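Q: have a look at this prediction, sequence included:
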Amino acid sequence: MSQLQYYLALVAGGLCAAGLALSFATPLETALLLKAFLALGFLSLLRFALPLSLWADGAIAALGAVAVLAGLAALDPAPAFFWMALIATWLFAWLFVERLAAAIRAGRATGFGMVIPLVFGVSILLFWEVVTRGAHVPQVILPPPSQVWTRLIASLPTLWADFQQTFLKAVLAGYIMGCAAGFAVAILVDRSPFLKAGLLPIGNFVSALPIIGIAPIMVMWFGFDWQSKAAVVVAMTFFPMLVNTVSGLNAASSIERDLMRTYAANYWQTLFKLRLPAAAPFIFNALKINSTLALIGAIVAEFFGTPIVGMGFRISTEVGRLNIDLVWAEIAMAAVAGSAFYGVIALVERSVTFWHPSVRGRA
């Protein structure tokens with residue numbers, strides 16, 4: 001057991017012991033599941049004398065999650081031992097993740113890599129749900145995830161229309177055009193020292209321009225529909241692709257280039273057989289960076305003019321109406337879409353650059 005695991009187990013068990021002592025002031029039948037969790041967490045201190053499986057910590061954390069959710073309805077206002085149980089649940093989940101990560105590194109647990117981010121995400125949602133409901137946080141400040149989920153399900157037609165307008169039209173169109181243009185210009189810059197000296201400084205300048213300065217101009221140029229948002233996305237994705245591709249084209253060593261010259265390879269043969277494969281990790285880095293920039297740019301651009309549909313339009317209007325649960329539903333949909341977009345590009349990168357040491361190291 002590492003020092004961190006030791007202290008996590010000690011603090012979690014100690015909190016359960018203190019919470020169990022405080023819970024004696026309430027009737028036994030009140031929040032019985034919560035008291036059972038506190039008792040089990042207290043008994044987990046026996047790990048310092050007897051071995052305890054990491055899955056036992058996971059089971060205790062799961063029981064704690066169910067117990068604090070059940071205790072929300074039975075305990076109002078929430079007493080001190082309720083909040084102790086919540087913190088102990090978080091600590092048991094943290095301890096479980098620490099022990100599972102150590103087991104994976106040691107080769108004792110295989111195929112459980114996705115459990116760690118899943119536990120982390122569920123823990124955040126649990127903490128968010130319990131704190132907002134248990135502390136009676138006003139809905140206009142922060143609604144609980146359950147309310148956001150209910151609103152998301154009830155507003156699926158609206159959310160789907162916003163997704164089509166923002167992501168399927170503006171983001172994808174602008175992303176493809178911006179990345180393709182940046183890649184093509186990078187090839188031209190590589191061929192021309194004049195363009196390299198002239199365009200790259202301009203690229204650094206333009207990439208520093210704020211979105212809120214570009215978006216209104218694009219709306220004036222291209223109108224209120226998705227075309228102006230796609231133009232903003234093109235402006236945001238063009239120069240990251242340009243700079244990364246130019247850097248990647250210079251990644252091939254001089255020895256490798258000399259070898260291609262000994263084979264009498266011309267510029268285009270060297271480009272396709274040596275330099276572009278060497279630049280692939282740089283290009284995919286730009287594609288992954290741009291996948292998030294594109295979504296952010298399109299949403300922010302919709303704040304400055306759009307038809308009555310779109311993620312940015314919905315967020316800006318519903319905030320004014322204090323429909324914060326719908327705003328969070330839009331944010332959740334944007335987060336899922338952006339993560340899925342990034343994940344697809346990462347999977348393509350692994351299949352294309354399987355030979356690269358960074359990919360082999362993750363295999």
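A: Structure's in. What do you need?
Q: so residue 243 is in which element?
A: Following DSSP states H and E, one finds residue 243 within helix 226-249.
Q: by contact count, what packs against that helix?
A: Packed against helix 226-249 by the contact rule (3 or more C-beta pairs under 8 Å, 6 or more residues apart in numbering; DSSP states H and E) you find helix 172-191, helix 193-207, helix 211-222, helix 276-301. The way it works is simple: take the backbone N, C-alpha and C, and place the C-beta from them, glycine included.
Q: what ranges of the stretch 251-363 of the chain fall below the confidence cut-off?
A: Per-residue confidence for the stretch 251-363 of the chain (pLDDT under 70) gives these ranges: 355-363.
Q: that one: helices as residue ranges?
A: If you assign secondary structure with DSSP state H, counting those that start in this stretch, the helices in the stretch 251-363 of the chain sit at 254-262, 267-270, 276-301, 311-320, 324-352, 357-362.
Q: quick one: closest of those helices to residue 241.
A: Between residue 241 and the helices of the stretch 251-363 of the chain, the shortest separation by C-beta to C-beta is 4.5 Å, and it involves helix 276-301.
Q: could you give the angle of that closest one to helix 324-352?
A: Orientation note: helix 276-301 sits at an angle of 170 degrees relative to helix 324-352 (axes from the mean of the first three to the mean of the last three C-alpha atoms, to 10 degrees).
Q: so for helix 276-301, what gets flagged as buried?
A: Within helix 276-301, the residues that count as buried by 16 or more other C-beta atoms under 10 Å are 276-291, 293-301.
Q: equivalent analysis for stretch 2-13, please.
A: Taking 16+ other C-beta under 10 Å as the neighbour-count basis, stretch 2-13 is seen to contain the buried residues 5, 8-9, 12-13.
Q: in helices, which of those appear?
A: Cross-referencing these with the helices (criterion: DSSP state H) gives 5, 8-9, 12-13 as the overlap.
Q: please tabulate these in CSV, including the columns distance to residue 80 and pLDDT.
A: Putting those into CSV (distance: C-beta to C-beta, whole Å; pLDDT from 0 to 100) gives the following:
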residue, distance to residue 80, pLDDT
5, 26, 89
8, 21, 91
9, 22, 92
12, 16, 92
13, 17, 92
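Q: what's the most distant pair in those?
A: Of all pairs drawn from these, the greatest distance, 12.3 Å, lies between 5 and 13 (C-beta to C-beta).
Q: quick one: closest of the helices and strands packed on helix 226-249 to residue 165.
A: Nearest of the helices and strands packed on helix 226-249 to residue 165, taken as C-beta to C-beta: helix 276-301 at 9.3 Å.
Q: a markdown table for the helices of the stretch 251-363 of the chain, including distance to residue 75?
A: Compiled in a markdown table, the helices of the stretch 251-363 of the chain are given as follows (distance: least, C-beta to C-beta, whole Å):
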| stretch | distance to residue 75 |
| --- | --- |
| helix 254-262 | 68 |
| helix 267-270 | 71 |
| helix 276-301 | 39 |
| helix 311-320 | 33 |
| helix 324-352 | 24 |
| helix 357-362 | 45 |
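Q: residue 183 is nearest to which of these?
A: When those are ranked by proximity to residue 183 (C-beta to C-beta), helix 276-301 comes first, at 7.1 Å.
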